[in-house]
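**Student:** model the structure of this input:
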Amino acid sequence: MSLRSIGLCVGALVISNFSNPVSADVPFFEGLGTLPGAQFGSSAVDISEDGKTVLGNSDEGLNMIAFRWRDGVMTSLGHFPDDPLMLSEGSGVSADGTVAAGVGISGNGTEGFRWSGGPLIGLGDLAGGLFYSHAFEISGDGDVIVGLSRTEAGDFPFRWEDGVMTNLSEDFDGEIPDGNARSISNDGQVIIGSISTSMGMRMFRWQSDVMEAIANPTGGTAPFARSLSADGSVIVGHATIAPGHVEAFRWADGAYQFLGDLPGGAMDSRAIDVSADGSVVVGASSGSNGLAPFVWDAGHGLRDLDEVLRVRLKLDLDGWTLSEAVGVSGDGRTIAGKGLNPLGKSEAWIAHVGCALGDFDGSESVNLADYSSFADCLGGPAFAPDPNAADVTAQACVEAFDFDCNDRVDLLDAAIFQRVFN
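**Tutor:** So this is what the prediction gives:
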């Protein structure tokens, strides 16, 4: 098929498919809005594994309230009935988006909660001292919650299940370290967080009732564990490398991999979430224009997500300033974050990057060479790669041009390719 023929086909599809939307996995960017009466805006804190539900915080007048956004509708999670301030803060959402965890003010004091569509259910706290608990994350099935609770001896990581809160630090190498639990595997059996020991701040991994301290990175200090892959094998977070140098990391198989940062600005990057298989990491980094969201994978390294959306995918972000990517779906394709909308107010957002970027030759741009390669990939009635085209394989075609994620390059991909082609 000639380049001219491809262009004509693509042009026809733009008219037919984009004027009548199809159920393709098309890249998009969308602001989530706010709760009714909001004065200050909204911010996202997590996204469900299926990529369809965003958890965040907005305000109803002057009161900050946790929200759940799904299918274009933002719903308030409410607050504890005996809270005179009428506040709540979301922190984590289950894999299917039906259960959430967070913190509010109950009659007991500051208390973590579980929400599953009705009123907030308080988690209680660990015995002793001032009443205090804060939920940070929830398991994939929504049954197990982890966080921090306070006793007379300090702040300790907890695991909550079936109404019972358990201190994870009760016996650790002869001492009881302070700390917090930040994330949990889908099945609730692996937990990670940070603890303060006689050896200093350490990252920990808990499994089968055993807490194991993870060694600090070579030359680094104070590693902060932030999120965990679905099976608990990959941890992401940040660590201090030197004074004024904080860097995002990915930990797997006992080894740290530092991810770098965006050019310009301070040397500061922080990983916030990771995809189910641990292959895609999102977070925030200081850059030439201030704080910006990043996305990382092994093939591309650390990239400015704003640039990927605007330049590579040609999405309309006019007036937006993105600051952080706080959550990524299980497949690594849908991302939630924080930023300023065109009116200059804080607003949560969601973006879908699809399965491909159209850059067949790896030049970091979509150019005429990619256009030619797309023609080779599409060239045939069965939409199979042209057998006479050098270096064109089915796998390479799918990786570069399968925008709608159906494991082949077809005319729907052609419609999207025209948009990203410059």
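**Student:** for the strand or helix carrying D59, packing partners?
**Tutor:** D59 is located in strand 53-60, with elements delineated by DSSP states H and E. Judged by 3 or more C-beta pairs under 8 Å, 6 or more residues apart in numbering; DSSP states H and E, strand 53-60 is in contact with strand 42-47, strand 63-70, strand 73-76, strand 88-93. All C-beta atoms are positioned from the backbone trio N, CA, C, and that covers glycine.
**Student:** what about 7 Å?
**Tutor:** Packing contacts for strand 53-60, counted by 3 or more C-beta pairs under 7 Å, 6 or more residues apart in numbering; DSSP states H and E, involve strand 42-47, strand 63-70, strand 88-93.
**Student:** can I get those in JSON lines including mean pLDDT?
**Tutor:** Formatted as JSON lines, the helices and strands packed on strand 53-60 follow (pLDDT from 0 to 100):
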{"stretch": "strand 42-47", "mean pLDDT": "98"}
{"stretch": "strand 63-70", "mean pLDDT": "96"}
{"stretch": "strand 88-93", "mean pLDDT": "98"}
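**Student:** for R312, give me its contacts.
**Tutor:** Shown in contact with R312 (C-beta atoms under 7 Å, 6 or more residues apart in numbering): L357, V420.
**Student:** beyond the strand or helix carrying G327, next helix or strand please.
**Tutor:** For G327, the host element (DSSP H and E) is strand 321-328. Per DSSP H and E, the first helix or strand lying C-terminal to strand 321-328 is strand 334-340.
**Student:** buried ones in that following strand?
**Tutor:** T334, I335, A336, G337, K338, G339 (16 or more other C-beta atoms under 10 Å).
**Student:** distance of the spatially most central residue of the chain from K52?
**Tutor:** Centre of the chain computed as the mean C-alpha position; nearest residue by C-alpha atoms, centre = their mean is G327, 1.7 Å away. Noted for G327: a distance of 12 Å to K52, by C-beta to C-beta, to the nearest Å.
**Student:** and for G140?
**Tutor:** Taken as C-beta to C-beta, the span from G140 to K52 is 14 Å.
**Student:** try I214
**Tutor:** 33 Å.
**Student:** ok, G97 next?
**Tutor:** Counting by C-beta to C-beta, the gap from G97 to K52 is 6 Å.
**Student:** overlap of the contact sets of these two?
**Tutor:** By C-beta under 7 Å, 6+ apart, the residues touching both G97 and K52 are R70.
**Student:** pLDDT weak spots in the stretch 301-422 of the chain?
**Tutor:** 379-391, 422 (pLDDT under 70).
**Student:** again, 50 this time
**Tutor:** 380-382 (pLDDT under 50).
**Student:** residue ranges for the helices of it, please.
**Tutor:** 305-307, 368-378, 394-401, 411-420 (DSSP state H, counting those that start in this stretch).
**Student:** where do the domain boundaries of this protein fall?
**Tutor:** For the chain, automatic domain parsing gives the domain ranges 1-26+356-422, 31-352.
**Student:** any idea which of those domains is most buried?
**Tutor:** domain 31-352 (a mean of 19; mean count of other C-beta atoms under 10 Å).
**Student:** so the residue nearest to the centre of the chain makes contact with E49?
**Tutor:** No: taking contacts as C-beta atoms under 7 Å, G327 lies outside contact range of E49: 9.9 Å.
**Student:** now do the SS call for V282.
**Tutor:** Secondary structure for V282, judged by DSSP: H, G, I helix; E, B strand; the rest coil, is strand.
**Student:** residue contacts, it?
**Tutor:** By C-beta under 7 Å, 6+ apart, the neighbours of V282 are I272, D273, P293, F294, V295, A325, V328, I335.
**Student:** tell me the strands beside the helix or strand hosting the second one, with direction?
**Tutor:** The reference is to D273. Element membership for D273 (DSSP H and E) is strand 267-274. Sheet pairing of strand 267-274 (DSSP bridges) gives strand 245-252 (parallel), strand 281-287 (antiparallel).
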